[in-house]
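>>> Sharing a model prediction with you, sequence too.
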Amino acid sequence: MFDSLSDRLSGILDGLTGRGALSEQDVQAALREVRRALIEADVALPVVRSFTESVREKAVGVSTLKAIKPGQQVVKIVHDELVEMLGSDAEPIDLNAAAPVVIMMVGLQGSGKTTTTGKIGLRLQKRQNQKVLMASLDTRRPAAQEQLRQIGEQVDVATLPVIAGQTPVQIAERAVQAGRLGGYDVVILDTAGRTSIDAELMAEAADIKRSANPHEVLLVADSLTGQDAVTLAENFEETVGVTGIVLTRMDGDGRGGAALSMRSVTGKPVKLIGTGEKMDALEDFHPSRIADRILG
Ligand code: GDP
C-alpha cells in the first residue's frame, strides 16, 4: 500500500519544525512527491508543471514555527491550489434561456454520451421539474437511436420519434421545433460519436451547433482515458466550442486527474460526473472532493 500524498508530505516536511521557514531546498523533495502524485492521477504534464510551480511559490517561506506543522501547511496549499484550478464551486447546467433550452451532447463513441443524455434528462425532469425532450442525431448507427428511445422509456422522458433518412441537422431542427410546439422546457440533442477524433465528426458537430444554437454544449469524456480525454477536449473546444464537461466513469479506478487537466487546458468547467451505469448515477462536480481524491 502506498502512503497518501498528505502522509508523504508530512513525512518529508514535519521534521523541519522549528527551523524558521521552508527554503527552496526544503520544498524540493516535497514537490517531487506532488509531481509524482499528479502523474499517478493521470494529470497532463504541462498542467503538472504549472501546478507544482505555483505550489513551490507558496510553499517556500512557510513558517515552521507555527503550531500547525509544515507538512500540514503544505498539504493545505496543495489542496487549495487544486480546488482553485478545478474551479472552486460546482457549476450546474445553465437553463437560463428562452424555452426550449437546447443542450447539445458531444463526445466519442463509448464515452457514455447516450447514457449521460438519459441521466441528464431524468435529473432535469425529476429534480428540476423541467419538461424534457431527447433526440438522437446519430444516423450512422440505427441502434443508437433505438438505444436512446429505450433509455427514454426507462426514465420516462420523451424522445423524438425517428424518421428514417433525415440528416443530423434536419433531426436537430425537427427536435427544436417539436420542443417549441410541444411546450418543452429543454431539448437534449445526443450527437453521433466516433471511435476517434476526426475532421468529419467535428464538422458535423459544428453544423448542428450552428443550426440548433444550443445554450449548453456538453462534452462527455471518459475519465479513465486520461491524456486522450484532454486532447479530445482541446479539439472540441477549438473547433466546436463547448460550455462544459461531463466526466464519466468516475466510479472507476481513476483518481480524477483528467478533471484537473481538462479544466486547466480548456478553461471550461466540469459540470457533472457519471458515477455508474444506473440512470441516477450522475452527480454535481465538487472540486474539493477531487482534490481530496488526488491527495489521498
Ligand atoms: P456512447 O457511445 O458514448 O453513447 O456510450 P454509452 O452511453 O452507450 O455508454 C457506453 C457504456 O458505458 C455503457 O455500458 C454505459 O452503461 C457505460 N457508462 C456510461 N457512463 C458510465 C459511468 O459513469 N460509469 C460507468 N461505470 N459506466 C458508464
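That came through fine.
>>> near the ligand, which residues of the stretch 101-250 of the chain?
Counting by CB under 6 Å from any ligand atom, the stretch 101-250 of the chain comes close to the ligand at 107, 109-115, 193, 248-249. The way it works is simple: take the backbone N, C-alpha and C, and place the C-beta from them, glycine included.
>>> Could you tell me how many residues sit around residue 165?
Residues lying near residue 165 (other CB atoms under 10 Å) number 6.
>>> Just give me the closest of the residues of the stretch 101-250 of the chain next to the ligand to residue 38.
Set against residue 38, the nearest of those by CB to CB is residue 249 (19.5 Å).
>>> Quick check: phi and psi at the closest one.
phi 60, psi 30 (degrees, to the nearest 10).
>>> and the closest residue to residue 274 other than its chain neighbours, what is it in contact with?
Excluding its sequence neighbours, the residue lying closest to residue 274 (CB to CB, 6 or more residues apart in numbering) is residue 248, at 3.6 Å. Residues in contact with residue 248 (CB atoms under 8 Å, 6 or more residues apart in numbering) are 111-112, 115-116, 220-223, 273-274.
>>> For residue 248, give the beta-bridge partners.
Counting by DSSP bridges, residue 248 is bridged to residue 222.
>>> What is the burial count for the residue in the chain positioned nearest to the ligand?
Scanning the chain for the residue nearest the ligand gives residue 274, at 2.5 Å (criterion: CB to the nearest ligand atom). Using other CB under 10 Å, residue 274 is surrounded by 25 other residues.
>>> these two touch, right, it and residue 249?
Yes. Counting by CB atoms under 8 Å, residue 274 touches residue 249, with 6.3 Å between them.
>>> Report the set of residues contacting both of the two.
residue 112.
>>> What are the boundaries of the strands in this protein?
For the chain, the strands defined by DSSP state E cover 101-107, 132-136, 158-159, 186-190, 216-222, 244-248, 270-274, 282-284.
>>> Measure how the first one sits relative to strand 132-136, angle-wise.
Calculated by axes from the mean of the first three to the mean of the last three CA atoms, to 10 degrees, strand 101-107 forms an angle of 40 degrees with strand 132-136.
>>> Residues contacting strand 101-107, please?
Contacts of strand 101-107 (CB under 8 Å, 6+ apart): 93, 95, 113, 116-117, 120, 176, 179, 185-191, 193, 205, 208-209, 212-221, 232, 236, 240, 242.
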